[in-house]
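# how would this look folded up:
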Amino acid sequence: MSRPESGLRRALGRLSAVVVALGVAAPLSAQVAVPERAGAIRLRVGNQFLAVTLDGDRLHGDGFDLRSTQTSIQGRMHGDDVDLQWHGAGVDGRVGPADTRLVLSRFSAQQGFRVDGELAGWPAALVVSPVGLSGDVGGCSYSLTVAGGNYTGWRTCQPNPNGEPISVALGLPENFLALSKTQQAVLLSLLLSEAGMPPAPPRHAPDTGRTIEGPALDEAP
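Numbers count the residues shown, from 1 in each chain. Predicted coordinates:
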């Protein structure tokens, strides 16, 4: 299940290129905040949509019912039990039947962080910075930059990591940014994993009978 290339090395390379292109970045909160202080975390992958409401310590909707504290996240995600706890930079527990072990690292020069380890049995090497989000988590690979207050870009997922990338947009409400960095890192990892939003099933082109993985990028929702 592991990837032949280092997801972290690829992630850092992508983000370095973005930093060079955009110059000095504003703080993370200024980049990704949306007008409402509370509301839904919105994720679009191709023509699939996920809207999960963050209400105080509870994240619920679209298959999620999680409660977060300063040291844990517990509940259900698409029918699977989630039980994750952390002490310092280490996160341990289970997502469904699979073990999860993550380590959070913060960037000293900017308001970003990195998550490494294993989520639900899949390697994780995810970098979140003021200018983008890139890397591997929960069976999916992402390359997103910040534009118009949202993260936008592309993802591929197992079992077809070399398939055609699918377009992605991620919007975060202001109350998400008020959470601790560990809470943000764990919730983002769960949402962006294959378990959070599974890849769309293959469909058949109407005239040729060809199988196409997921939605076409130029199709309207």
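# for the protein, which segments count as helices?
7-22, 28-32, 174-177, 181-192 (DSSP state H).
# quick one: average pLDDT of the first one?
When pLDDT is averaged over helix 7-22, the result is 39.
# what does stretch 131-141 give?
The model assigns stretch 131-141 a mean pLDDT of 94.
# how about stretch 98-117?
Here the average pLDDT along stretch 98-117 is 87.
# and that stretch, which residues are buried?
100, 102, 104, 110-117 (16 or more other Cβ atoms under 10 Å). Just so you know, the C-beta spots here come from the backbone N, C-alpha and C atoms, and that holds for glycine as well.
# tell me which residues are up against that stretch.
Counting by Cβ atoms under 8 Å, 6 or more residues apart in numbering, stretch 98-117 makes contact with 8, 25, 27-29, 84, 86, 89-94, 118-121, 123-130, 137, 181-182, 184-186, 188-189, all of which sit outside it.
# so how do I select the buried members of those residues in ChimeraX?
In ChimeraX, a selection of the buried entries from the contacts of stretch 98-117 looks like this (16+ other Cβ under 10 Å):
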select :8,25,28,84,86,91,93,118,119,120,121,123,124,125,126,127,128,129,130,137,181,182,184,185,186,188,189
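# make a markdown table from the buried residues of stretch 98-117 and add distance to residue 77 to it.
Converted to a markdown table, those look like this (distance: Cβ to Cβ, whole Å):
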| residue | distance to residue 77 |
| --- | --- |
| 100 | 12 |
| 102 | 16 |
| 104 | 20 |
| 110 | 30 |
| 111 | 27 |
| 112 | 25 |
| 113 | 21 |
| 114 | 23 |
| 115 | 17 |
| 116 | 21 |
| 117 | 18 |
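# can you tell me the average pLDDT over stretch 146-159?
Stretch 146-159 comes out with an average pLDDT of 90.
# so how far is that stretch from its chain's centroid?
9 Å (Cα atoms, centre = their mean, to the nearest Å).
# cool, and stretch 138-148?
The answer for stretch 138-148 is 7 Å, by Cα atoms, centre = their mean.
# buried residues, stretch 152-169. List them.
152-153, 155-158, 165-169.
# ok, of the residues you listed, which one's closest to residue 42?
Taking Cβ to Cβ as the measure, residue 42 lies nearest residue 169 of the buried residues of stretch 152-169, at 7.6 Å.
# next up, the contacts around that closest one.
Per Cβ under 8 Å, 6+ apart, neighbours of residue 169: 42-44, 150-152.
# bridging residues for it?
Counting by DSSP bridges, residue 169 forms beta bridges with residue 44, residue 152.
# same check, this time on residue 156
If you apply DSSP bridges, the partners that residue 156 bridges to are residue 141.
# how about residue 153, nearest residue that isn't a chain neighbour?
residue 144 (3.6 Å; Cβ to Cβ, 6 or more residues apart in numbering).
# check residue 40 too.
In space, residue 40 is closest to residue 51, 4.3 Å off (Cβ to Cβ, 6+ apart).
# over to residue 122?
Residue 122's closest residue in space is residue 139 (Cβ to Cβ, 6+ apart), at 4.4 Å.
# who's in contact with the one you found?
1, 120, 122, 157-158, 193-195.
# go again with 10 Å.
1, 119-124, 156-159, 161, 192-195, 198-199 (Cβ atoms under 10 Å, 6 or more residues apart in numbering).
# got it, and residue 44?
Contacts of residue 44 (Cβ under 10 Å, 6+ apart): 50-51, 150, 152, 166-171, 197, 221.
# centroid residue for the chain?
The C-alpha lying nearest the average C-alpha coordinate of the chain belongs to residue 192 (Cα atoms, centre = their mean; 3.0 Å).
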